[in-house]
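Q: Return atomic coordinates for the entry below.
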Amino acid sequence: MPPGCLSLILHAHLPFVRHPEHAEFFEEDWLFEAITETYLPLLDALHALAADGVIFKIAMSVTPTLGHMLGDELLRARYDHHLDRLIAIAENEVRRNELHADEQRVARFYLLRLLRVREWWVHRWQRDIVAAFRALQDRGHLEIIACAATHGYLPLMLREESVRAQIALGVEAHRTMFGCDPRGMWLPECAWRPGVDRILAECGIRWCVLDSHGIMLGTSRPQRAIFAPVFTHAGVAAFGRDRESARQVWSAADGYPGDPWYRDFYRDAGWDMPEDEFRKFFPDGARRFTGLKMHRITGGEPKQCYDRAMALSRVPIHAQHFLDARIAQLRSVSALMPVPPVVVSPFDAELFGHWWFEGPEWLAAVIRGAARQPSAIRLVTPGDFLAECDTHQIIDPAPSSWGDGGFNAVWLDPSNAWIYPALHDAEQKMAFSARHFSDGASITEIEERCLRQLARELLLAQSSDWAFLIRSGTAREYATRRTRDHFDRFTRLHAQLHGGGIATEFLENCEQRDNFMPRLNWRTYA
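A: Here you go, the predicted model:
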């Protein structure tokens with residue numbers, strides 16, 4: 001037996017952004033950037049490992065909002081257009097930099113890469129990214145776990161019905177996407193509130209991940225720290241996030257992505273192109289990221305051009321450093337443990353490729369490195385670890401999150417606190433409406449549709465992303481507008497439902513705009 005185990009977990013999530021009422025919408029680029037830079041490169045890396053016979057298994061969540069957008073035909077068609085435009089921009093950059101050898105070399109790299117991305121998208125995966133991840137699950141390389149329906153921040157919900165709906169509908173969405181019951185669930189923002197474990201257990205969830213202090217500040221204190229899971233009184237296992245491994249990857253000061261040979265995320269051709277060249281592709285002239293980032297991380301100006309070969313030469317060094325640190329960490333505690341210790345390292349999937357361009361290659365190198373050292377470290381998923389080691393201490397985890405400060409401050413701040421009175425009022429109305437129309441009385445088809453859309457608007461308003469974006473100042477105007485729009489539509493639908501006159505045209509407009517979870521079971525709120 002190796003001295004211990006490493007559990008890598010990727011959390012793939014984006015908020016639901018879909019605007020059929022506009023021919024083109026800026027915030028839809030969040031999805032398109034993630035497809036180009038994260039999901040397709042990750043699929044290529046993981047399927048290459050499988051094809052090479054590397055024995056590995058990691059865990060991953062795909063949230064219902066992300067899964068729906070990846071399968072939406074409107075957004076798929078818009079991504080086709082987005083990718084064609086990126087290729088045209090890359091071709092233009094090759095021509096524009098014909099007198100600048102280094103810049104042209106980088107532009108040619110992007111052109112070839114984007115052509116390869118299109119090959120992955122169109123031919124290899126037939127525009128179906130969810131199916132490509134499901135194939136890795138079916139081959140035994142991924143344990144895909146569920147997430148709450150719209151990534152709602154559970155600790156700040158007023159009613160238990162809302163928490164149950166987020167969890168139960170998230171499990172239903174997972175079954176639809178991946179054809180099986182999930183063993184684990186990614187709690188949005190790793191946020192814990194007392195009683196959530198009972199609902200998780202009701203929905204068949206076996207395990208979740210909390211930040212380290214959620215375990216360490218629990219009652220009673222954990223005897224094995226975060227190197228083994230704990231059980232709650234409802235029988236759900238909670239694994240603690242290891243901050244040391246997170247720091248090596250995330251830290252702005254000394255994390256791997258800050259290596260000066262890696263690509264600079266912030267310097268983008270969208271700001272460097274001359275105005276007339278830029279307007280060829282974006283007639284409105286509004287500057288934006290294109291994904292063509294021509295420089296590496298260097299302090300000051302002028303920045304040096306990105307060198308792909310040199311960047312990739314750093315990847316195995318950082319991968320082995322990460323593994324060596326985990327092996328040393330596990331060895332230091334293994335003698336004190338009655339079971340093999342486990343280090344749980346969860347990350348936002350979008351870190352790999354989007355924020356850290358070389359991230360997918362680093363992840364693949366870590367997996368290959370672990371496979372070459374089976375006597376020193378073993379990759380497991382939390383679900384597999386529990387199947388092998390199923391006896392652990394019972395505690396009450398502490399309220400916690402993985403946000404700044406470790407509790408609720410990110411999502412309950414003077415900038416975003418106005419959200420919650422309206423959310424709580426909508427929760428009350430939704431629960432009342434669900435009970436009222438579930439008491440056995442006959443219900444019309446349009447009332448059924450209205451109740452479904454009512455629940456949909458509430459779920460989308462609850463997304464933790466809006467409060468986060470408002471507080472961070474990133475896309476604050478859009479996040480504010482989205483929240484208010486969902487409140488407004490919920491209020492109008494609720495008034496029509498209980499006033500005896502549902503406006504069909506308005507309902508149809510809501511259904512077309514927010515078509516998330518088309519078979520949503522609103523009775524969950526009853």
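Q: buried residues in the lowest-mean-pLDDT helix or strand in the chain?
A: One helix or strand of the chain scores below all others by mean pLDDT, DSSP states H and E: helix 243-250, with a mean of 92. Neighbour counts over helix 243-250 (16 or more other C-beta atoms under 10 Å) mark 245, 246, 248, 249, 250 as buried. C-beta here means a position set from N, CA and C on the backbone, and glycine is covered the same way.
Q: In this structure, which residue sits furthest out from the middle?
A: Going by C-alpha atoms, centre = their mean, the residue of the chain most distant from its centre is residue 99, 41.1 Å out.
Q: quick one: that residue from residue 349, how far?
A: 39 Å (C-beta to C-beta, to the nearest Å).
Q: which residues of the stretch 201-350 of the chain score low on pLDDT?
A: 252 (pLDDT under 70).
Q: Same check on the chain?
A: Using pLDDT under 70, the chain drops low at 1, 252, 440.
Q: Check which element follows the longest helix anywhere in it along the chain.
A: As assigned by DSSP state H, the longest helix anywhere in the chain is helix 308-334. Downstream of helix 308-334, the first helix or strand assigned by DSSP states H and E is strand 342-348.
Q: Give me the angle between the following helix or strand past that following strand and helix 308-334.
A: Using DSSP H and E, the next helix or strand after strand 342-348 towards the C-terminus is helix 359-372. Counting by axes from the mean of the first three to the mean of the last three C-alpha atoms, to 10 degrees, helix 359-372 lies at 50 degrees to helix 308-334.
Q: Paired strands for whichever helix or strand comes after helix 359-372, with orientation please.
A: The C-terminal neighbour of helix 359-372 among helices and strands, as given by DSSP H and E, is strand 378-379. Under the criterion DSSP bridges, strand 378-379 sits next to strand 5-12 (parallel) in its sheet.
Q: what angle separates the partner strand from helix 243-250?
A: Note on geometry: by the same axes, to 10 degrees, strand 5-12 and helix 243-250 are set 50 degrees apart in direction.
Q: From start to finish, how long is stretch 123-135 in a straight line?
A: Taking C-alpha to C-alpha, to the nearest Å, stretch 123-135 runs 16 Å from one end to the other.
Q: List the buried residues of that stretch.
A: Applying 16+ other C-beta under 10 Å to stretch 123-135 flags 125, 127, 129, 130, 132, 133, 134, 135 as buried.
Q: dump the residue contacts of the third one.
A: Read that as residue 129. Applying C-beta atoms under 8 Å, 6 or more residues apart in numbering, we find residue 129 in contact with 35, 39, 40, 43, 70.
Q: who wins for neighbours among those?
A: Scoring those on neighbours with other C-beta atoms under 10 Å, the highest-scoring entry is residue 39 at 28 neighbours.
Q: quick one, what contacts that residue?
A: Residue 39 touches 12, 70, 129, 349, counting by C-beta under 8 Å, 6+ apart.
Q: What of residue 115?
A: residue 87.
Q: Checking my notes, it in a helix, right?
A: Yes: according to DSSP: H, G, I helix; E, B strand; the rest coil, residue 115 belongs to a helix.
Q: from the buried residues of stretch 123-135, which ones fall inside helices?
A: Per DSSP H, helices hold the following members of the buried residues of stretch 123-135: 129, 130, 132, 133, 134, 135.
Q: Pick the one among the residues you listed closest to residue 522.
A: Nearest to residue 522 among those, counting by C-beta to C-beta, is residue 130 at 24.3 Å.
Q: Looks like that closest one contacts residue 69 (just checking).
A: No: using C-beta atoms under 8 Å, residue 130 is not in contact with residue 69; the gap is 10.1 Å.
Q: and the nearest residue to residue 279 once chain neighbours are set aside, how many neighbours?
A: Distance criterion C-beta to C-beta, 6 or more residues apart in numbering; nearest residue to residue 279, sequence neighbours excluded, is residue 285 at 5.6 Å. For residue 285, the neighbour count with other C-beta under 10 Å is 8.
Q: And for residue 415?
A: Neighbour tally, residue 415, other C-beta under 10 Å: 14.
Q: next one: the one 5 residues further on
A: Other residues lying near residue 420 total 17 when counted by other C-beta under 10 Å.
Q: quick one: buried residues of the longest helix of the chain?
A: Buried positions in helix 308-334, judged by neighbour count with 16+ other C-beta under 10 Å: 308, 311, 314-315, 318-319, 322-323, 326-327, 329-330, 333-334.
Q: Any chance of CSV for those residues, columns distance to residue 233?
A: Formatted as CSV, the buried residues of helix 308-334 follow (distance: C-beta to C-beta, whole Å):
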residue, distance to residue 233
308, 52
311, 49
314, 47
315, 44
318, 41
319, 40
322, 35
323, 36
326, 31
327, 34
329, 30
330, 29
333, 26
334, 28
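Q: how near is residue 30 to residue 402?
A: Plainly put, residue 30 is 21 Å away from residue 402 if you go by C-beta to C-beta.
Q: Then residue 437?
A: 38 Å.
Q: With residue 134 instead?
A: Note on residue 134: its distance to residue 402, by C-beta to C-beta, is 27 Å.
Q: What of residue 366?
A: 21 Å.
Q: quick one: stretch 213-223 to chain centroid distance?
A: From the chain centre to the centre of stretch 213-223 is a distance of 27 Å (C-alpha atoms, centre = their mean, to the nearest Å).
Q: Over to it now: how far is its first residue from its last?
A: 14 Å.
Q: One more: stretch 344-361?
A: Using C-alpha to C-alpha, the end-to-end distance of stretch 344-361 comes to 20 Å.
Q: Flag every buried residue along stretch 425-436.
A: 426, 427, 429, 430, 431, 433, 434.
Q: Return the subset of these lying in strands.
A: The strands, defined by DSSP state E, take in nothing from the buried residues of stretch 425-436.
Q: Could you dump those residues into CSV with distance to residue 190 added?
A: Formatted as CSV, the buried residues of stretch 425-436 follow (distance: C-beta to C-beta, whole Å):
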residue, distance to residue 190
426, 25
427, 22
429, 29
430, 26
431, 26
433, 31
434, 29
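Q: nearest to residue 513, of the residues you listed?
A: Taking C-beta to C-beta as the measure, residue 426 is the one of the buried residues of stretch 425-436 closest to residue 513, at 17.7 Å.
Q: Cool, thanks, talk later.
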